[in-house]
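Asker: Predicted model follows, preceded by the sequence.
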Amino acid sequence: MNLETAKTPSLLVDIARVKRNAERISARAKELNVNLRPHVKTHRCAEIAKIQTENTFGGIMVSTLSEAHFFADQGFSDITYGVPLERGKFAEAVEISKKIEKFSVLTCEAETVKALNEKTKNEDAKIGVFLKVDVGYHRCGVEPHTPEALEIPQFIADSTSLNFEGILTHAGHSYHTDTPEKLLAVAHQERDLMRGLADALRAKGLQVPTVSIGSTPTFSAIDDLTGITEFRCGNYIFFDAFQAALGSCSFEDCALTVLAAVVHKDSTRKKIVVDAGAVALSKDRGAVEFDANCGYGRVYDLEGNDLNLRVGSLSQEHGEIFVDNDEVFKRLKVGSRVRILANHSCLTALQHSHYHILDSGEIVDKWSINRGW
């Protein structure tokens, strides 16, 4: 199958770039002396997860329990569920913990700890629990200088059927930094607050096996991770237009594109319409803070050359692209194929059921994507 005959819209993965990204980030983790735990929500694909973990200790993070089941069945034995656990998922968490060697969850609520311990005390299972810490993102987590940051780990450690795994955070506010200096400052803040909390817990006599931090932008910036044991990031395997605009990578590192076909050409408005809309690309506006004209994706030709066009608007199945270059407008006819680099690869990937694996310009394989929650 080639790019001229593949059904559109479809998801393309440049496998050479994926392998290069995986090798580079794994090597960087070794340089910084931390375990790398890839966040596989970016792709939810067994083959890609195996590439990511080839040179790591083998642990992964997931964002849904569906992923946890899927990757457990694929032979992954150390899985962290990356969303704070609530009671409706207790039974399924116990089920997963019985399937693999190590299953860990997150919480920032003392009541959740007590309820989970009660649920699991009569089960032949042991679930690891991390304290989720807020180091500035303010999405969820316990702030490190509050009494709860010391009390909840003690509750976990005192539980009869839970293991205190350590502390974990995500510096999501790194995505809003507009200079390398600000990004480095967030990376230092993430590291220092977590290191300080770990020291405070150890001073109370608690063991803190894992101090886990992570985001793709901060990993691109950080210069020292002394005191940190684990780094988690996921987007790096594909990168995307947002990461390139932020400076976490170059556009040449981006491995995921959507193949689309021109289905209409409007000469009056100098506009083309492609068959990749919101359900193929997602409606993530990307780095609009830094690039007001980023639209919903950058448009490339089939060889991966940037046409200096953006997807300007989306409806469910249609993407509109305004073309002010006469030569490019003439070149793009109804039926012409383009590749669209989406703003957020994680969201774009989950609009699809499988990847077409691209190697040297040819589609050589097809890999499935896990779906659902």
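Answerer: Yes, it's here. These numbers come from a predicted model, not from an experiment.

Asker: quick one: strands adjacent to the longest strand that the chain contains?
Answerer: For the chain, the strand that runs over the most residues, judged by DSSP state E, is strand 256-266. With DSSP bridges as the criterion, the sheet partners recorded for strand 256-266 are strand 10-14 (antiparallel), strand 271-274 (antiparallel), strand 337-341 (antiparallel).

Asker: Let's see it as CSV, backbone CA atoms only.
Answerer: This file holds the C-alpha atoms of strand 256-266, laid out as CSV (Å, rounded to 0.1, in the frame of the first residue of the first chain):
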residue,chain,number,x,y,z
LEU,A,256,2.7,11.3,13.5
THR,A,257,0.6,12.8,10.6
VAL,A,258,-2.9,12.3,9.3
LEU,A,259,-3.2,11.4,5.6
ALA,A,260,-6.0,13.4,4.0
ALA,A,261,-7.4,14.0,0.5
VAL,A,262,-8.6,17.2,-1.1
VAL,A,263,-12.4,16.8,-1.7
HIS,A,264,-13.3,20.4,-2.8
LYS,A,265,-11.5,23.4,-4.2
ASP,A,266,-12.9,26.9,-4.0
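
Asker: just how off-centre is that strand within its chain?
Answerer: If you compare the mean C-alpha spot of strand 256-266 with that of the full chain, they lie 26 Å apart, counting by CA atoms, centre = their mean, to the nearest Å.

Asker: Contacts for that strand next, please.
Answerer: The set of residues external to strand 256-266 that reach it, using CB atoms under 8 Å, 6 or more residues apart in numbering, is 3, 6, 8-14, 238-240, 271-276, 280-281, 297, 300, 304, 318-319, 332-342, 345, 348-349, 356. For the C-beta atoms, the positions are set from N, CA and C on the backbone; glycine is no exception.

Asker: Kindly recompute the last result at 6 Å.
Answerer: Strand 256-266 has contacts (CB atoms under 6 Å, 6 or more residues apart in numbering) with 6, 8-10, 12-13, 238, 272-276, 280-281, 332, 334, 336-341, 345.

Asker: Now which of these would you call buried?
Answerer: The neighbour-count criterion (16 or more other CB atoms under 10 Å) marks 6, 8-10, 12-13, 238, 272-276, 280-281, 332, 336-341, 345 among these as buried.

Asker: Do you have the helices of this protein handy? List them.
Answerer: Defined through DSSP state H, the helices belonging to the chain, from first to last, are 15-32, 46-52, 65-73, 90-99, 110-120, 148-158, 180-203, 216-221, 241-246, 278-281, 326-331, 345-349.

Asker: Quick one: closest of those to Arg371.
Answerer: Ranking the helices of the chain by distance to Arg371, with CB to CB as the measure, places helix 65-73 first at 7.2 Å.

Asker: So which bits of that closest one are buried?
Answerer: Buried residues in helix 65-73, counted by 16+ other CB under 10 Å: 65, 67-72.

Asker: Can you name the residues bridging to Arg37?
Answerer: Under DSSP bridges, the beta-bridge partners of Arg37 are Arg232.

Asker: And it, how far from Lys132?
Answerer: 15 Å (CB to CB, to the nearest Å).

Asker: who's more crowded, these two?
Answerer: Taking Arg37 and Lys132 together and counting by other CB atoms under 10 Å, Arg37 has the greater number of neighbours (28 against 23).

Asker: Which pLDDT does the model give Ala280?
Answerer: According to the model's per-residue confidence, Ala280 sits at a pLDDT of 98.

Asker: mind listing what Arg17 touches?
Answerer: By CB under 6 Å, 6+ apart, the residues touching Arg17 are Ala255.

Asker: re earlier: of the strands paired with strand 256-266, which is nearest Ser104?
Answerer: Taking CB to CB as the criterion, Ser104 comes closest to strand 10-14 out of the strands paired with strand 256-266, the separation being 28.7 Å.

Asker: Need the pLDDT of the residue sitting furthest away from the middle of the chain.
Answerer: Of all residues in the chain, Thr268 has its C-alpha farthest from the mean position, at 40.6 Å, by CA atoms, centre = their mean. Among the per-residue scores, Thr268 shows a pLDDT of 96.

Asker: Please apply the same query to Asp306.
Answerer: Looking at Asp306, its pLDDT stands at 96.

Asker: partners of it in the sheet?
Answerer: With DSSP bridges as the criterion, the beta-bridge partners of Asp306 are Tyr300.

Asker: How much space separates it from Phe238?
Answerer: For Asp306 relative to Phe238 (CB to CB), the value is 17 Å.

Asker: sorry, back to before: buried set for the longest strand of the chain?
Answerer: 256-263, 265.

Asker: now stretch 299-317
Answerer: Neighbour counts over stretch 299-317 (16+ other CB under 10 Å) mark 299-302, 304, 307, 309-311, 313-314 as buried.

Asker: ok, now which ones touch Arg195?
Answerer: The neighbourhood of Arg195, defined by CB under 6 Å, 6+ apart, consists of Gly227.

Asker: The same query, at a cut-off of 8 Å, please.
Answerer: When contacts are counted by CB under 8 Å, 6+ apart, Arg195 touches 211, 226-228.

Asker: ok, and the most crowded of those residues?
Answerer: Val211 (24 neighbours).

Asker: Next one: that residue, what pLDDT does it get?
Answerer: The predicted structure lists Val211 with a pLDDT of 98.

Asker: With Ala292 instead?
Answerer: 82.

Asker: Next, count neighbours for it.
Answerer: Ala292 is flanked by 9 other residues according to other CB under 10 Å.

Asker: which regions of this protein sit below the pLDDT cut-off?
Answerer: Counting by pLDDT under 70, not a single residue of the chain qualifies.

Asker: mind giving me the domain split of it?
Answerer: Each domain of the chain is listed here as a residue range: 33-237, 249-368, per automatic domain parsing.
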